[in-house]
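Undergrad: Quick check, what structure comes out for this input:
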Amino acid sequence: MPERDPVLRLSGVRKSFNVGRPNEAEVLHGIDLTLPRGDFAALIGPSGSGKSTLLNLIAQLDAPTAGEILLDGHATRTLDDTARTALRRRTLGFVFQFHHLIPAFTALENVLMPLMIAGGRPDAAARDRAQALLHEVGLGEHAGKRPTELSGGQQQRVAVARALVHRPLLVVADEPTGNLDTQTADTVFDLFRRVHDREGCAVLVVTHDARLAETCDRRIRLVDGFIVEDTALHHTQNQSS
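TA: Okay, here's the model as predicted:
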């Protein structure tokens, strides 16, 4: 079986804060990680282990102190802000614990936001995809509603659709089900899985929910700034109720 191309590769990545000061602290210690296209991985670990710091580096919201991060084969360390932003918009989709929807925009307009930022007014094909994603998350009939008219779970599903609308190569989700009840969390996770299976994007999910982590194909455990486990998970066929 041929090796899949990596959409993400980290090599010797370190991150320190307060560099050059007496309270300088290194929180990531030489992280090596490869995420091929099509991977569905959970990033787990205790609070304070460096998960959010690592995710911010992967998302190009911060820069490593040392080491290199490659996105879709592109080294990011020497990119200027414009090139880094363009690569991030083209390659990555984000879902956070707090959905960050724009209150004045409808659900459909929120889903379209990455396309509007990248290219201005979306065309009919873009609107059709956004509407189709809303249908897929069970919100097709709510496309014209604003976030305040939706429940917390519905708002998070809008955020998932927004992360997927531009067909990213890598979806990064930081505790996307942290504020949801179990049934809604299952619905959101099932959505990630369906889109992953259909479109072949890589998915990296930070979660404290061990039950959801076990449904992923790979478990990456971060403790005290070190990857201490990177395990392929083999499942019998599960059916969600």
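Undergrad: ranges for the strands of the protein?
TA: With DSSP state E, the ranges of strands along the chain come out as 6-17, 25-36, 40-44, 66-71, 74-75, 92-96, 170-174, 202-206, 218-223, 226-232.
Undergrad: State the distance from the residue nearest to the spatial centre of the chain to Ile58.
TA: The residue lying closest to the centre of the chain (Cα atoms, centre = their mean) is Val172, at 1.2 Å. Distance, Val172 to Ile58, using Cβ to Cβ, to the nearest Å: 6 Å. C-beta: built from backbone N, CA, C; applies to glycine.
Undergrad: Same check on Gly67?
TA: In terms of Cβ to Cβ, Gly67 sits 12 Å off from Ile58.
Undergrad: okay, the two: which has more neighbours?
TA: Remark: of Gly67 and Ile58, Ile58 carries more neighbours, 23 against 17, as counted by other Cβ atoms under 10 Å.
Undergrad: picking that back up, thought the residue nearest to the centre of the chain was touching Gly93?
TA: Yes. Val172 sits in contact with Gly93 when judged by Cβ atoms under 8 Å, with a separation of 7.2 Å.
Undergrad: Give me the neighbour count for the nearest residue to Leu180 once chain neighbours are set aside.
TA: In space, and not counting its chain neighbours, Leu180 is closest to Gly153: 5.4 Å by Cβ to Cβ, 6 or more residues apart in numbering. Residues lying near Gly153 (other Cβ under 10 Å) number 20.
Undergrad: who touches Gly153 in this structure?
TA: Shown in contact with Gly153 (Cβ atoms under 8 Å, 6 or more residues apart in numbering): 180-181, 184, 187-188.
Undergrad: now this structure, which segments are flagged as low pLDDT?
TA: Applying pLDDT under 70 to the chain picks out residues 1-4, 97-99, 118-120, 235-241.
Undergrad: go again using 50 as the cut-off
TA: Counting by pLDDT under 50, the ranges of the chain that qualify are 1-2, 237-241.
Undergrad: I'd like to know how far the closest residue to Thr106 other than its chain neighbours sits from Leu71.
TA: Leaving aside its chain neighbours, Thr106 sits nearest to Gly144 (5.2 Å; criterion: Cβ to Cβ, 6+ apart). Here the criterion is Cβ to Cβ. By it, Gly144 lies 35 Å from Leu71.
Undergrad: Of the two, which one has the most company?
TA: Leu71 (23 against 10).
Undergrad: Now do the helices in this structure.
TA: 51-58, 81-91, 107-119, 124-136, 152-164, 182-199, 210-213 (DSSP state H).
Undergrad: looking at these, which is buried most?
TA: helix 152-164 (a mean of 24; mean count of other Cβ atoms under 10 Å).
Undergrad: Report the inter-axis angle for it versus strand 170-174.
TA: 150 degrees (axes from the mean of the first three to the mean of the last three Cα atoms, to 10 degrees).
Undergrad: Could I get the contacting residues of the nearest residue to Thr76 once chain neighbours are set aside?
TA: Distances taken as Cβ to Cβ, 6+ apart put Ile69 closest to Thr76, at 4.9 Å, once the chain neighbours are dropped. Residues in contact with Ile69 (Cβ under 8 Å, 6+ apart) are 8-11, 13, 57-58, 60, 75-77.
Undergrad: now do Leu70
TA: 6, 8-11, 76.
Undergrad: give me that answer again for 7 Å
TA: By Cβ atoms under 7 Å, 6 or more residues apart in numbering, the contact set of Leu70 is 9, 76.
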